[in-house]
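Undergrad: with the input below, show me the fold.
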Amino acid sequence: MDGLSRRRMLLTGGTAGALGALGLASPARARTPWTWDPRTSVAGSGAGLDPEWVWDDEADRLVASVIDRGDMPKVNELLRTWTRNDQPVPAGLPADLREFMEEARQLPAWADRAKLETAAKFNESRGIYLNLLNGVGGGMLSTAIPREARAVYYSKGGADMEDRVAKTSLLGFAVGDLNAYRPDGKVMVEAVKTRLVHAAVRHLLPRSPHWTRTSGGQSIPISQADILVTWHSLPTYTMRKLRDWKVPLTSADSEAYLHVWQVTAHMLGVRDEYIPATWAAADSQSRQILDPVLAATPEGVELTDILLRQLAEQTSPGGLDRPLVNALARYLVGDQVADWDGIPREPFWEQAVATAWPKLVAFREKLIPLPLVPPLAWTIDEAARTYIMFFLTKGQGTSIVLPETNRPE
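TA: Sure thing, here's the model as predicted:
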């Protein structure tokens, strides 16, 4: 079955697992009509078009042209040299692509530098929560998003998940970096590259017979709605969990954390009329487009197993910590999503994590006000990120590059 592990597929159980074993897509759920009010967006207005039928027209036409005229190897070679926000776009790129990237790298007029700096300070003190939730929690949610799981699995990146995770981590780590949107930061570069990757996948993936069979009727992948769904699996989900864990947040910190992700959504090509202006607007949009689509797929189960195996290997070379990793993942996303992802139950470790984590959060929050704790915490978090990237890339490093093909057969 297209390289999927039958043993892992059976963990999904029920209809989705049975259909997956037969090589068929699970039945598509009836989609909730788009009713989100654009007046609650950062634009404050909008046409109210359903983002399900909106893509990234300019980027899509451009990248399709780059692929079809055979320019991609040269483009990727040059993009590897482009790494900092203040670095000029490589001069050797095709003129049309270079012109687009110059425009795409610009911050929106509504970007607030003061809030971006506040977000950096917030990341410094709460990095352990943010990395855990955006990385492990967001990763487990993403594999329970059928379209995302299938797009990842059948695109070129699905053939080497360590490299795929490493490339995805480049953007995530850049968003959470202290210098994210400063001149020496990287997030503007990584976001533009990711936007181009999305355009490449939109051009290539519909040609894959596997994706065509499992797309649920979607003609073009990664619509604006799909990007928003993924966006909510990161900041919106993370903010909900921080509240659940009773992490004390000032209004300035909360607004700043939202703002850094608002700007990032814009940099990824999301139209301003779809970007929530407040957490209340984000929660409302998430309930409409993320919560209803979460479900099991055989591709999602397989990807979950790969991701958790990688995480266990990072913490223990022999993979001895897999039961603990399973329990942590279940704690982060809850039993329903964990069951859809095929994450095994670990009764002992689940109880241990549920008991210990709230106490750890409470203890850590008592230490945060001490003078040296935020920089020390950041140093530890940065060391962890460095180790993760080293592990995933086997010490060779990586960069975001545009695919030229789908996943090899």
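Undergrad: number of residues surrounding residue 329?
TA: Residue 329 has 24 neighbours, counted by other Cβ atoms under 10 Å. C-betas here are computed from N, CA, C, even on glycine.
Undergrad: now it: how far from residue 54?
TA: Counting by Cβ to Cβ, to the nearest Å, the separation of residue 329 from residue 54 is 33 Å.
Undergrad: how about residue 303, nearest residue that isn't a chain neighbour?
TA: If the residues on either side of it in the chain are set aside, residue 303 comes closest to residue 143, at 4.7 Å by Cβ to Cβ, 6 or more residues apart in numbering.
Undergrad: pull up the gap between that neighbour and residue 307, please.
TA: As for residue 143, its distance to residue 307 is 7 Å (criterion: Cβ to Cβ).
Undergrad: check residue 297 too.
TA: With the distance defined as Cβ to Cβ, residue 297 ends up 14 Å from residue 307.
Undergrad: could you list the low-confidence segments of the stretch 251-400 of the chain?
TA: For the stretch 251-400 of the chain, applying pLDDT under 70 flags the ranges 314-320, 367-398.
Undergrad: residue 83 falls within a strand, correct?
TA: No. Counting by DSSP: H, G, I helix; E, B strand; the rest coil, residue 83 is not part of a strand but coil.
Undergrad: what is the neighbour count of it?
TA: When counting by other Cβ under 10 Å, one arrives at 13 neighbours for residue 83.
Undergrad: ok, residue 99 next?
TA: Residue 99 has 13 neighbours, counted by other Cβ under 10 Å.
Undergrad: quick one on the thing from earlier: who's more crowded, residue 297 and residue 307?
TA: Of the pair residue 297 and residue 307, residue 297 is the one with more neighbours under other Cβ under 10 Å, namely 31 against 23.
Undergrad: I'd say that one and residue 150 touch.
TA: Yes. Checked against Cβ atoms under 8 Å, the pair residue 297 and residue 150 is within contact range at 6.5 Å.
Undergrad: give me the distance between the residue nearest to the spatial centre of the chain and residue 354.
TA: For the chain, the residue nearest the mean C-alpha position is residue 230 (5.9 Å; Cα atoms, centre = their mean). Distance, residue 230 to residue 354, using Cβ to Cβ: 27 Å.
Undergrad: contacts only, for residue 271.
TA: The contact partners of residue 271, taken as Cβ atoms under 8 Å, 6 or more residues apart in numbering, are 43, 46, 51, 54, 224.
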